[in-house]
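Undergrad: quick one, fold the following:
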Amino acid sequence: MSQSSPLPLPPVPAPYQLPFHYGALHNIGLDFLVAPGPVRSLLAEHHPALVAAEFEGLACVSVNYQLYFAQYPNGGGITQEIEVNVVAHPEGAEGRLPELRYAEYARGFDQTKLLGIARIHVLCDNPLAIDAGRKLYAEPKYPGWFESTMPSLNGPAEERTWSVTCKAAGFSADRTGIDRRPDTLFSFTADLTGLAPEPVTNTPITGYGTDPRHGLLAGPMNVYQPYRHHTPDTADRVRLTVADHSSAVGRDLALLVGDAPAVGVWTYQSAPVAAHNRPYYVPSKP
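TA: This next block holds a predicted model:
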């Protein structure tokens, strides 16, 4: 039996180096189980070497928002981005995958890590992160900007609502910044108040991209603490609203998700590393 030669590792172009280390990460993902037909068609356009996973006959679309900090030798940077993904696996890998229900997938039962996220759209407010995502991971990444609120230790203790609005943007004239535009593309809210989260060990998360010259590329991301998985108990816990159906991301979200309810919400928020405490008065010397 003939064996194919091992593939070389993808290059890491300067000035980047891998792995990329996150200093802090705040992340929410929304999962939707939807009809597989439109998902298969769109996936074939973007990633022809991937097959949409099915959970009891339904495909899974994931909308994934991240706010993260990274520290560099000359300073630090804060980035926001949002991905529209399809849960998929490489063509021909069916025989290596266990048969899973969505609840099992969400809890990390697939330890082959062949089930990954096939990126359809990635919008980001950091030109450097856009360039790195394109060159390193073949992400379909382009400018966007965000208005967001989320649970925080620096906010009301009882608040457990996430709200993210994704707006249109382009590059600045010198391509070193983002030109923010007022148009809203889509938004979502997720009210997790009172829902009991379940810790799940579902990483590393395999992110798939398709390089136009070399084909399918897989890049795993490790998160060093468990995610918190939430199962919405009512349909109105999570609302995804498409504002601009003429945009590429709005058109695809409306086609793939439509009015489907979210079946799962997973969150991750980095623990604080320090706290500046309340001051006190020092009595003056009599």
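Undergrad: contacts only, for D110.
TA: If you count contacts by Cβ atoms under 8 Å, 6 or more residues apart in numbering, D110 has them with 97-98, 100, 104. For glycine as for every other residue, the C-beta is placed from the backbone atoms N, C-alpha and C.
Undergrad: again, but for S247
TA: Residues in contact with S247, defined by Cβ under 8 Å, 6+ apart, are 168, 185.
Undergrad: so which strand or helix has the closest residue to C124 other than its chain neighbours?
TA: In space, not counting the residues next to it along the chain, C124 is nearest to E81; the distance is 3.9 Å by Cβ to Cβ, 6 or more residues apart in numbering. Element membership of E81, judged by DSSP states H and E, is strand 75-90.
Undergrad: quick one: name whatever helix or strand follows that strand.
TA: helix 102-106.
Undergrad: next, the buried residues of that following helix.
TA: For helix 102-106, the neighbour count (16 or more other Cβ atoms under 10 Å) marks 102, 105-106 as buried.
Undergrad: please apply the same query to stretch 90-108.
TA: Residues of stretch 90-108 classed as buried: 90, 100, 102, 105-108 (neighbour count, 16+ other Cβ under 10 Å).
Undergrad: likewise stretch 121-138?
TA: For stretch 121-138, the buried set under the neighbour-count rule, 16+ other Cβ under 10 Å, comprises 121-127, 129-138.
Undergrad: can I get the buried residues of helix 102-106 in JSON lines including pLDDT and distance to N64?
TA: Formatted as JSON lines, the entries for the buried residues of helix 102-106 read as follows, by pLDDT from 0 to 100; distance: Cβ to Cβ, whole Å:
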{"residue": "Y102", "pLDDT": "97", "distance to N64": "16"}
{"residue": "Y105", "pLDDT": "96", "distance to N64": "15"}
{"residue": "A106", "pLDDT": "96", "distance to N64": "13"}
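Undergrad: any chance of these in TSV, plus distance to V238?
TA: Converted to TSV, those look like this (distance: Cβ to Cβ, whole Å):
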residue	distance to V238
Y102	15
Y105	18
A106	14
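Undergrad: thinking again about what came up before, which of the contacts of D110 sits closest to G219?
TA: Within the contacts of D110, proximity to G219 (Cβ to Cβ) peaks at L97, which comes in at 19.3 Å.
Undergrad: in contact with that closest one, which residues?
TA: Applying Cβ under 8 Å, 6+ apart, the residues near L97 are 89, 110, 112, 114-115.
Undergrad: please redo it, this time with the cut-off set to 10 Å
TA: Contact criterion Cβ atoms under 10 Å, 6 or more residues apart in numbering gives 53, 89-90, 110, 112, 114-115 as the residues in contact with L97.
Undergrad: for this protein, which residue is closest to the average position?
TA: When Cα atoms, centre = their mean is applied to the chain, the residue found nearest the centroid is N64 (3.1 Å).
Undergrad: buried set for stretch 179-188?
TA: By 16+ other Cβ under 10 Å, the buried positions in stretch 179-188 come out as 180, 184-188.
Undergrad: tell me the bridge partners for the residue nearest to C124.
TA: Beta bridges link E81 to Q66, C124, judged by DSSP bridges.
Undergrad: what's the neighbour count on it?
TA: Look at E81: counted by other Cβ atoms under 10 Å, it has 22 neighbours.
Undergrad: which pair in the buried residues of stretch 90-108 spans the largest distance?
TA: Pairwise distances among the buried residues of stretch 90-108 were taken by Cβ to Cβ; the largest, 22.3 Å, belongs to P90 and R107.
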